[in-house]
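**Q** next come a sequence and a model predicted from it.
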Amino acid sequence: MSEPILRLSNISKSFGGVKVLENVSFNVKKGNRHALIGPNGAGKTTLFNAISGVHEPDCGQIFFKGKDLKGIASRKRIRRGLSRSFQNIRLMPHLSVIENVMLGQHSRCKLLDMFKPINISSKATGKTEAINTLASFGIDLHKGQTVSSLPYGIRKKIEVVRALMAEPSLLLLDEPAAGLNTEETNSLKDFLLEVSDRGITLLLVDHDMPFVNSLCQTVSVMNFGQLIYDGEISGLRKDSKVLEAYLGVDE
Amino acid sequence: MSGYLSGVLAILGINIIFAYSIYITAATGQLNLGGAGFQAIGAYTCAILSNELGLPIALTLALSAVFGGIISLLISFPILRTKGVYMVLATFAIAEIVAGIILNSDYLGGPTGIVVNAYIETEVVLITAIVIVLLGFYLMSTRVGLAMRAVHDDEAVADLMGIHKRAIQVSAFTLGGAIAGLSGGLYALYFGFIEAQYFNANISIFVLLYVLIGGTQTAWGPLVGASFFTLIPEVLRIGDDWRFFIFGIIIVVMMIIRPEGIVTRDALERIWSQLFPRGKNV
């Protein structure tokens, strides 16, 4: 049995008087594809923000590779191997595709490399690596274009590639399939399976259940800030609490 | 070269350098409306070092930049705690404080100004301008420049990418102050006379316009913007008293048709793809 790469222990978070997360605990195993699902407002994105350091939890602990992340600044978490994408695409609109992707390498750069011109394709600048990574996912044709001019599905993939450039151990994906059509969703699934084959653990939030079912092995379900299910994805349909959260109960 | 042409070129050079000082700060998303204050710091530093200590010109210019940079560094920490319009107002207030100190200081010549003993030729200004332009292009072509643009576009995401946004903003503000100081030093040495009234709010507004009209997306912006603002009014001298009216209309039209500045990345991309239709690179 593989060890957990991420361990959440009794995470709670409130904004004002609203409890958004309440004693959330679950583990993500190394190399796994783990989904985090739940109705809107369940606290999934808040949990992602807590893991990536955007918000510090009010109480509870987050262990990544066995180490407590408490007090670790968000910008330092990526260096530890924790990278993420966003619910709404947040690529840099004025940068080209290749520049956006190279931004993902920032956490791995040495000080001297920061002063090398990035338009030179070389190992030192990281441009060759960025182009090769884009090519390996079949989206290198767009490398010179500014991202704002590209289709939504391509931009979603670029955001994932940018996150991958940090060479993460754990990739947090916030609704990667949102807004994609069936063809784009299938393409994204293949893309993420390829990412997973590279040994990267995936933790993703999504509402598209066929997508989640076909991609993930395990799942945690949240409702009103609380964890109501954590286990194999195959057991999801039989769980009464999950059915109640999604389908409601007869009065 | 005629005295007129020489003077226009010197002003062009000083304006270009000054524009890059504001551009480098603007590239990280910070608008500095206190450019004149930092230019004044450089100009008075240069004048005093030159008059009182008789230091060589190159050294006085270098120290103008260093002093401008040090002052910028010191005030960057409180200033960069503000954002948007509040930062614009805070930088504007800094320039007013600098002007106030100069006007009330007998040592600095007060309202009557200072005559600067040393003198530089137009060529010195132009060579310095070329160096600063190259520095601007180089900086924006590196990962530091990439990080600056990332902080400009989305601070939160830049932070999650591992970029130390505060370090980037402070460095850019400091470098901007140093370059503004250098432009002030060149102004003092070229014109041989400085007074607080010259370094007024109009100067700060104009240099910000150089950058905004030129475009903040690429290092071409301040070069094109400063050239536009320096050379077009000279060309419009044929319109006599109407020249600033015509120039004002041109600025308004430019802001309507090129709201993101004359030079944008998309425009450069289009030009590049037309020049090199097949071998298009990044």
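**A** Structure received.
**Q** make sure residue B:1 is indeed in a strand.
**A** No - going by DSSP: H, G, I helix; E, B strand; the rest coil, the assignment for residue B:1 is coil, not a strand.
**Q** and it, what does it touch?
**A** B:9, B:122 (Cβ atoms under 8 Å, 6 or more residues apart in numbering or on different chains). For glycine as for every other residue, the C-beta is placed from the backbone atoms N, C-alpha and C.
**Q** residues of the helix or strand harbouring residue B:204 that come out buried?
**A** Using DSSP states H and E, residue B:204 sits within helix B:201-214. Residues of helix B:201-214 classed as buried: B:203-204, B:206-214 (neighbour count, 16 or more other Cβ atoms under 10 Å in any protein chain shown).
**Q** which helices and strands does it pack with?
**A** Using 3 or more Cβ pairs under 8 Å, 6 or more residues apart in numbering or on different chains; DSSP states H and E as the contact test, the elements touching helix B:201-214 are helix B:3-26, helix B:35-48, helix B:84-103, helix B:220-235, helix B:243-257.
**Q** now those helices in CSV, with distance to residue A:65?
**A** What follows is those, written out as CSV (distance: least, Cβ to Cβ, whole Å):
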stretch, distance to residue A:65
helix B:3-26, 39
helix B:35-48, 46
helix B:84-103, 39
helix B:220-235, 44
helix B:243-257, 52
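**Q** most tightly packed of these?
**A** Of all the helices and strands packed on helix B:201-214, helix B:35-48 has the most neighbours on average by mean count of other Cβ atoms under 10 Å in any protein chain shown, namely a mean of 30.
**Q** the longest helix along chain A - what's its average pLDDT?
**A** Longest helix in chain A, counting residues (DSSP state H): helix A:182-197. Across helix A:182-197, the average pLDDT comes to 89.
**Q** now do the helix or strand following it: distance to the chain's middle.
**A** Note on helix A:182-197: by DSSP H and E, the next helix or strand toward the C-terminus is strand A:201-205. Taking Cα atoms, centre = their mean, to the nearest Å, one finds strand A:201-205 lying 5 Å from the centre of the chain it belongs to.
**Q** tell me the mean pLDDT over strand A:201-205?
**A** Per-residue pLDDT over strand A:201-205 has a mean of 95.
**Q** who does it pair up with?
**A** strand A:33-37 (parallel), strand A:170-174 (parallel) (DSSP bridges).
**Q** as TSV, those with mean neighbour count would be great.
**A** Listed next are those as TSV, based on neighbours: other Cβ atoms under 10 Å in any protein chain shown:
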stretch	mean neighbour count
strand A:33-37	25
strand A:170-174	24
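**Q** turn those strands into CSV, including mean pLDDT.
**A** Formatted as CSV, the strands paired with strand A:201-205 follow (pLDDT from 0 to 100):
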stretch, mean pLDDT
strand A:33-37, 95
strand A:170-174, 95
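**Q** among those, which is nearest residue A:196?
**A** Across those, residue A:196 has its closest neighbour in strand A:33-37 (5.4 Å, Cβ to Cβ).
**Q** okay, the angle between the closest one and helix A:182-197?
**A** Angle of strand A:33-37 versus helix A:182-197, following axes from the mean of the first three to the mean of the last three Cα atoms, to 10 degrees, is 130 degrees.
**Q** is the residue lying closest to residue B:139 once chain neighbours are set aside within a helix or a strand, and which one?
**A** Take residue B:139 and drop its neighbours on the chain: the residue closest to it by Cβ to Cβ, 6 or more residues apart in numbering or on different chains is residue B:145, 5.2 Å away. Using DSSP H and E, residue B:145 falls within helix B:143-153.
**Q** by contact count, what packs against that helix?
**A** So helix B:143-153, by 3+ Cβ pairs under 8 Å, 6+ apart, packs with helix A:97-103, helix B:122-141, helix B:155-160, helix B:165-191.
**Q** the residue of the stretch 151-251 of chain A found nearest chain B and residue A:81: what is the separation?
**A** Nearest residue of the stretch 151-251 of chain A to chain B (Cβ to the nearest Cβ) works out as residue A:166 at 7.2 Å. As judged by Cβ to Cβ, to the nearest Å, residue A:166 and residue A:81 stand 8 Å apart.
**Q** same question for residue A:226.
**A** 28 Å.
**Q** burial count for residue B:117?
**A** Using other Cβ atoms under 10 Å in any protein chain shown, residue B:117 has 12 other residues around it.
**Q** model confidence for it, exactly?
**A** For residue B:117, pLDDT reads 92.
**Q** surely it touches residue B:49?
**A** No - using Cβ atoms under 8 Å, residue B:117 is not in contact with residue B:49, being 10.7 Å away.
**Q** quick one: low-confidence residue ranges for the stretch 101-250 of chain A.
**A** Low-confidence segments of the stretch 101-250 of chain A (pLDDT under 70): A:121-124, A:247-250.
**Q** would you mind listing what in it touches chain B?
**A** A:102-104, A:106-107, A:109, A:113-119, A:143-146, A:149, A:162, A:166 (Cβ under 8 Å from any Cβ of the partner chain).
**Q** quick check on those residues: which are buried?
**A** A:102-104, A:106-107, A:109, A:113, A:116-118, A:143-146, A:162, A:166.
**Q** wait, which of those residues is closest to residue B:224?
**A** Among these, residue A:146 lies closest to residue B:224 (Cβ to Cβ), at 19.1 Å.
**Q** partner residues bridging the closest one?
**A** Beta bridges link residue A:146 to residue A:96, judged by DSSP bridges.
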